[in-house]
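*Asks:* Give me a model of this one.
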Amino acid sequence: MRTHMSSKSKKSSKYVVEAKFVVEGVVEKHDVIGAIFGQTEGLFPKEFELRELQKSGKIGRIDITLRSANDRTEGTIVAPSSLDRAETAIIAAAMETVDRVGPCEAKITIEKISDIRIDKREMILTRAKELMRDWVVTETQDIDKLLIEVSMEDKRVKPVHYGRERLTATPDISKKKKIIVVEGRADVINMLKSGFTGVIALEGVKVPKTIINLSKRKEITAFLDGDRGGDLILKELLQVAKPKYVARAPRGKEVEDLKPEEIKNALSKKVPVEDVEGMTELTSLAKELKGTLEALLLKKDGSRLGRVPVSELVDKLKEQKDIDIVLFDGIITGRLVDTAVSNGIKTLVGERIAEGIRTPAGIKVMVFKDL
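*Replies:* The predicted structure follows:
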């Protein structure tokens, strides 16, 4: 038998009285309710009558389900109670005294009185078992996952020593035709963890002979920290073991601290050494422009085409031909980038870049602090 109770009755009740009834005639729910209230009235003191007990919340909403057929109505009664056991039993017995519903003969039979608290305890016990089972399963899975991760860590590729100076490198360094030269051991380890191979460390400012020899037979990309130390190492490399490309960590960051996506991004911005060697000249020109609010226009060979106020720069770029590099003491805007691209300018260097600017293909956009 299905029990129907309001949420309020469920919260406050301790017992549920469940009964069946048969009425010799066709009646509605309100007829049955009226008969129960009316025919039990006066049997007990007023405070113990059903109406008063409902007002005080000691008897909850009485639910009736019924169906009629062949001039006969059958159904069930469900009455929640927060009275004690004896009082609830008395109320249940009083309901059985109802013998008419309207003009029709009727009979009410109590089927059972159930203790909601027992049902709740069983439900709690069942749920607690489910929670414990899920807890154990999850905990076991976590432990298994941890063991797998630790096992993978143990099997993960580890760096090796390479060359006479026993430089830290990835195991495949001798097989790679294109390699990446970084500054130290920690850089190699971070590159390995991030999924990059063909990496070897300088392990010092002075370039080892092993790196010099590698530069003669392999394509080298120097991937250096974005600090003063990286600048010094780059100068040394350019003199004795000239790489083909140069990539730098973001300014102020070191390769060993970069996340995989940052490494990928930095390497995608590598530049040919020919361009890097011209950076020294650009650096001095940038210092010359600092604070002037002027722009300097250069040809590909580095010769000057002119110097104009920043306010006139866009118009000048449209007029002047053969401009390859533009340095200016101002903000790189989207309009300026579009103008430079449409006029075939390859390098644009400004004091800073406006927020949200995307660099299109075919042009290098930098700020003074990158030089």
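
*Asks:* For the residue located most distally from the centre of the chain, which non-adjacent residue is closest in space?
*Replies:* Here the chain reaches farthest from its C-alpha mean at Pro103, the gap being 69.4 Å by CA atoms, centre = their mean. Once flanking residues are discounted, Pro103 sits nearest to Gly25: 7.1 Å by CB to CB, 6 or more residues apart in numbering. Just so you know, the C-beta spots here come from the backbone N, C-alpha and C atoms, and that holds for glycine as well.

*Asks:* Can you verify my assumption that that neighbour contacts Arg72?
*Replies:* Yes. Between Gly25 and Arg72 there is a contact under CB atoms under 8 Å: 7.3 Å.

*Asks:* who has more neighbours, these two?
*Replies:* Remark: of Gly25 and Arg72, Gly25 carries more neighbours, 16 against 13, as counted by other CB atoms under 10 Å.

*Asks:* and the more buried one, helix, strand or coil?
*Replies:* coil (DSSP: H, G, I helix; E, B strand; the rest coil).

*Asks:* go on, Ile77?
*Replies:* Classified using three-state DSSP, Ile77 is strand.

*Asks:* residues in contact with it?
*Replies:* Val17, Glu18, Ala19, Lys20, Phe21, Val32, Ile36, Ile62, Asp63, Ile64, Met95, Ile108 (CB atoms under 8 Å, 6 or more residues apart in numbering).

*Asks:* So which residues make contact with the helix or strand containing the first one?
*Replies:* Going back to what we said before, that points to Val17. Using DSSP states H and E, Val17 sits in strand 15-23. Contact with strand 15-23 is made by 1, 3, 5, 32, 66, 72-83, 85, 88, 91-92, 95-96, 98, 101, 104-116, as judged by CB under 8 Å, 6+ apart.

*Asks:* Now, of those, which are buried?
*Replies:* Among these, those classed as buried by neighbour count (16 or more other CB atoms under 10 Å) are 5, 32, 66, 73, 75-83, 88, 91-92, 95, 98, 101, 104, 106, 108, 110, 113, 116.

*Asks:* Just the contacts of strand 15-23: which are in strands?
*Replies:* Among these, the ones falling in strands (DSSP state E) are 66, 72-81, 101, 104-115.

*Asks:* where in the chain is pLDDT low?
*Replies:* For the chain, applying pLDDT under 70 flags the ranges 1-12, 136-156, 274-275, 277-281, 371.

*Asks:* The stretch 101-250 of the chain: helices as residue ranges?
*Replies:* Taking DSSP state H, counting those that start in this stretch, the helices of the stretch 101-250 of the chain run over residues 116-155, 185-193, 209-217, 228-240.

*Asks:* Out of these, which is closest to Asp257?
*Replies:* helix 185-193 (7.5 Å; CB to CB).

*Asks:* The closest one: which residues count as buried?
*Replies:* Buried residues in helix 185-193 (16+ other CB under 10 Å): Asp187, Val188, Ile189, Asn190, Met191, Leu192.

*Asks:* The residues you listed into TSV, with extra columns for distance to Leu125?
*Replies:* Output for those, formatted as TSV (distance: CB to CB, whole Å):
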residue	distance to Leu125
Asp187	58
Val188	58
Ile189	53
Asn190	53
Met191	55
Leu192	53
